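# need a structure here:
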Amino acid sequence: ERKGKKQKKQTNKQVSKQTDKNRNTQEQQTTIRTMGDQMRSLVLNVLQSNSSRKWDVPILDLLVSGGAEAEMAFVEVLTLEAVASSDSVKQVKSFWTGLGFQVKTLNHDAQALPLFVDGEVVVDRIIDVFLIKFVSEDALLSDKALEYVFEAFSFSINQMMYACMVLYTNNESQALSRQGGNGFIDVFNKSLGTNSSNLDDLSVSILMKLESMLKSDKPLASRLKIQQESAFFKSLELAVQKKKDAARNVQSRPPRGGKRQWSQAYDQSSPSSDVESLGKVLLEIGYSATSSIEAFSEAVSVAGDNLTPEHFAQAMAAMGSTWDTANKDTKVQSLTSSNGAKTEVLSQWNTSVFIEYIKENFTAFPWSKVAMACLDSKWDISSVEGLSLVNSIIETMTEKPIPLACLQRRWRHPLAQLKLLSLLTVPSPTLPDVISKILSTSTSDRQVSREVLKSLKNQPSIPEHQWACWLSMDIVEALLSLGDLGFFKEVLVMMDFPGKNLQDILLICIANAFPTSSSTFTDTAQPQHEELAKHGWCATQQKLVLSLVPYFLSQSTNNAPVLQFVFESKKRLVLQCFVTWFYQDPTQQRLEHIFFVARDIKAVSSLLDCGEYGFVLELAVHSSQQEFIHVQKWMAVQLKQNTSGFAEACIAFIKRKLGGINHQFKPVPPKLIATMLDVLVSHQRLPQRLLVEAKSISERLAQSQEQRSRQLHQQQQQPPPSLVLPSSNQTQKVQQQQQQQ
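All right, here's what the predicted structure looks like:
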């Protein structure tokens, strides 16, 4: 009996565990389906509204939290939209590339978003969509469907060939002929090119898979436009062998130079042509190498023959980086008189010997190029003393210090540029002479105007020499570009002092960088500067402006002149800051503050035209109540620019305001809502669906207003309540009580 009871308990436990498992599985499946539905609705809203700004963050967050199911739903919606027509391809492509840029520029975890990092994930998802939607569900598929999808997602030739191969091998020939089989063949032929001219562009794995497919599947070979199969297979084998040989020998090739490297190429295997050979020899010998012209000549002969100015530039960099750490052990015999000699140990580099040797052996020496090559070296000049040593040589020969304009170009060694910038921007009680000389070379057209700083209500209390470096556009633009090259944390550390003490000056300098008219630093051929060429700002500049402007919106006393200057320099960035700051705490108080600040800097009209309708409609209602705009005229202009998108946003806004009380905002007057509805109903090009919805809301609003007027009329007609006076007995009792007290 006891055993039976134990067995019953165990079976009951197992049954309850299994029930809990089933319940959890059902809940997980429901959650997954819900995430997929949310993703579909979000993406469709974006594609229908032609504006992805306010949907970027929800879509990316859902992709991170939803996992594979959210990715599948996301790719499925975009694929179905892309195969619909050629017009929808551009829309899907712009949305896809825009999201990819958001992942790269904003603080999104790239590892959690493999769709935008790994191209194979996108290809696999699209293959799954084709196999499930078009083959399993027997949906119609046009011959151009594959081309549309590949164009929308910007597939490379290798990705297109891989997708076609997988789709071809996973389907029967009947399914292919029924589901746009000609589309597969067209993509195959386009990828191969005329007379198989694109074989060199395909990877080894794709070439080998294509070779095995064609040999095993004769019908496919016959359907492709291959005129001579034997010649094609020979060229295919040669391409495979060529790729394999290139993969074996890729490590033995010398690295390719950058766009701005020296025109003369040096053979790194030969010690005489190694541009760092003279610097290495000087470091091995130590300070005694510059004890005399003879000693330096001997060091030059050890370094090699036919030395170029680049060798001496690298030697200067080596001397600057080891101004106090070079070899001091070598003793030098120096003749002090005719009677005897004195042995001494040098403790620093003798730059005069270096200069005299160059004067004796070079008639024309390109000191401007040498100065740039010396600073842009693998030997970091990380101390003021080392920089002073290099500057003394340059200043002696050119009568000018190191020019600050050297920061305008892209350096081969970004760390060296970062070290120089740290020396130029470090705040110190006394400014070193060499830093002062270099900063003095900045021209007036590459500096922030002093008139802008005079307009500030609160002038900085810190001495000017501690923040004067931040007025140089050369320094600020170089730091912003280094932030885009992967040194964002280092740049933030260098901006820590002005970020805590001089927020207004820092924001003005950052906003003044990269003017839209011209910028000497940018190289638009570089991929990290595509956004700079397109909008006039880089990613680091955008992040810093977006983080600094809210400080002036909330508490700074210098907000009006600073924001006025930033608005004139980077108008779209400031508008984006206003909208982002509002959405962080959408309340009536913040909306009124934004209106007040925007009115001071004359930015209200630009804000009302920014296209973020959730924020714009709230601001328009408040501006109308402040008699700043005429709602009817403003709505008419917006409807001309974007009829369906603006009308749909207006209807959603009116529904939200009529749906219930929102304590965060003041209620909108019914008269203003009726005016907005009248403008929508009277618009001629309003879509029929939105017109019907606007009319129904207008009728319901009119009925509710009529009911309220009736109730008020009835209350006014009712007689006032009669006054009940106390009786004489009650008054006598009250008087007696008062007398007793």
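
# and the one helix or strand Glu693 maps to, what does it pack onto?
Assigned by DSSP states H and E, Glu693 falls within helix 688-717. With contacts taken as 3 or more C-beta pairs under 8 Å, 6 or more residues apart in numbering; DSSP states H and E, helix 688-717 sits against helix 643-659, helix 670-682. For glycine as for every other residue, the C-beta is placed from the backbone atoms N, C-alpha and C.

# turn those into JSON lines, columns for mean pLDDT, distance to Asn559 and mean neighbour count.
As requested, those are arranged in JSON lines below (pLDDT from 0 to 100; distance: least, C-beta to C-beta, whole Å; neighbours: other C-beta atoms under 10 Å):
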{"stretch": "helix 643-659", "mean pLDDT": "87", "distance to Asn559": "29", "mean neighbour count": "17"}
{"stretch": "helix 670-682", "mean pLDDT": "88", "distance to Asn559": "30", "mean neighbour count": "17"}
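
# can I get those helices in CSV including distance to Met208?
Below are those laid out as CSV (distance: least, C-beta to C-beta, whole Å):
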stretch, distance to Met208
helix 643-659, 50
helix 670-682, 62
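
# which one, of those, ends up nearest to Leu619?
Among the helices and strands packed on helix 688-717, the nearest to Leu619 by C-beta to C-beta is helix 643-659 (11.5 Å).

# where do the strands of this protein begin and end?
331-335, 341-345 (DSSP state E).

# worst mean pLDDT among those?
Of all these, the minimum mean pLDDT falls on strand 331-335 (a mean of 41).

# gap between the helix holding Glu693 and the chain center?
Taking C-alpha atoms, centre = their mean, to the nearest Å, one finds helix 688-717 lying 48 Å from the centre of the chain it belongs to.

# same question for stretch 462-478.
Worked out by C-alpha atoms, centre = their mean, stretch 462-478 lies 25 Å from the chain centre.

# now swap in stretch 495-507 and tell me
The mean C-alpha position of stretch 495-507 is separated from the chain mean by 22 Å, C-alpha atoms, centre = their mean.

# quick check: buried residues in the helix holding Glu693?
Residues Leu690, Leu691, Glu693, Ala694, Ile697, Ser698, Leu701 are the ones in helix 688-717 that count as buried (16 or more other C-beta atoms under 10 Å).

# touching, the fourth one and Val681? I think so.
Spelled out, it's Ala694. Yes: between Ala694 and Val681 there is a contact under C-beta atoms under 8 Å: 5.3 Å.

# and for those two, which residues touch both?
With contacts defined as C-beta atoms under 8 Å, 6 or more residues apart in numbering, no residue is shared by Ala694 and Val681.

# returning to that earlier point: mind checking which of the helices and strands packed on helix 688-717 is nearest Lys437?
Among the helices and strands packed on helix 688-717, helix 643-659 comes nearest to Lys437, with 57.3 Å by C-beta to C-beta.

# what's the angle between that closest one and helix 670-682?
With axes from the mean of the first three to the mean of the last three C-alpha atoms, to 10 degrees as the basis, helix 643-659 and helix 670-682 are set at 150 degrees to each other.

# contacting residues for Pro550?
Per C-beta under 8 Å, 6+ apart, neighbours of Pro550: Cys577, Thr580, Trp581, Gln584.

# top of the residues you listed by neighbour count?
Cys577 (23 neighbours; other C-beta atoms under 10 Å).

# contact partners of stretch 421-429?
For stretch 421-429, contacts defined as C-beta under 8 Å, 6+ apart pick out 381-384, 387, 407, 435, 438-439, 466-467, 469-470, 475, 478-479, 482, 494, 497.

# so which of those residues are in helices?
Of the positions in those, Val384, Leu387, Ile435, Ile438, Leu439, Ile475, Ala478, Leu479, Leu482, Met494, Phe497 sit in helices, assigned by DSSP state H.

# tell me the one among those nearest to Ala652.
Lowest distance from Ala652 to these (C-beta to C-beta) belongs to Leu479, with 43.1 Å.

# quick one, what contacts the closest one?
Leu421, Thr425, Val491, Met494, Met495, Thr540.

# out of those, which one has the lowest pLDDT?
Lowest in pLDDT among those is Thr540, which has 87.

# in PyMOL, select just the buried ones from the contacts of stretch 421-429.
Typed into PyMOL, the line below selects the buried ones among these, using 16+ other C-beta under 10 Å:
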select buried, resi 381+382+383+384+387+407+435+438+439+466+467+469+470+475+478+479+482+494+497
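
# report the buried members of the contacts of Leu479.
Here, 16+ other C-beta under 10 Å leaves Leu421, Thr425, Val491, Met494, Met495, Thr540 buried among the contacts of Leu479.

# could you identify the most distant pair in the residues you listed?
Maximum distance among the buried ones among the contacts of Leu479 (C-beta to C-beta): 15.4 Å, for Thr425 and Thr540.

# picking up where we left off before, for the helix holding Glu693, give the mean pLDDT please.
Per-residue pLDDT values over helix 688-717 give a mean of 79.

# tell me what angle that helix forms with helix 670-682.
Between the axes of helix 688-717 and helix 670-682, defined by the same axes, to 10 degrees, the angle is 150 degrees.

# numbering from 177 from now on, please.
Got it, the first residue is 177 from now on, which makes the last one we talked about helix 864-893.

# which residues in the stretch 477-626 of the chain form helices?
485-497, 527-537, 543-551, 560-574, 590-601, 609-615, 626-630 (DSSP state H, counting those that start in this stretch).

# which one of those is the most hemmed in?
helix 485-497 (a mean of 25; mean count of other C-beta atoms under 10 Å).

# circling back: quick one: closest of the helices of the stretch 477-626 of the chain to Ser800.
Comparing the helices of the stretch 477-626 of the chain by C-beta to C-beta, helix 626-630 comes nearest, at 34.0 Å.

# export the closest one as PDB, just CAs?
The C-alpha trace of helix 626-630 is given here as PDB (Å, rounded to 0.1, in the frame of the first residue of the first chain):
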ATOM      1  CA  ARG A 626      36.000  85.600 -31.100                       C
ATOM      2  CA  GLU A 627      32.800  87.600 -31.700                       C
ATOM      3  CA  VAL A 628      30.800  84.500 -31.100                       C
ATOM      4  CA  LEU A 629      32.500  84.000 -27.700                       C
ATOM      5  CA  LYS A 630      31.800  87.700 -26.800                       C
END
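
# same list, the helices of the stretch 477-626 of the chain, but as a markdown table with distance to Ala407 please.
Below are those laid out as a markdown table (distance: least, C-beta to C-beta, whole Å):
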| stretch | distance to Ala407 |
| --- | --- |
| helix 485-497 | 50 |
| helix 527-537 | 62 |
| helix 543-551 | 52 |
| helix 560-574 | 62 |
| helix 590-601 | 49 |
| helix 609-615 | 65 |
| helix 626-630 | 71 |
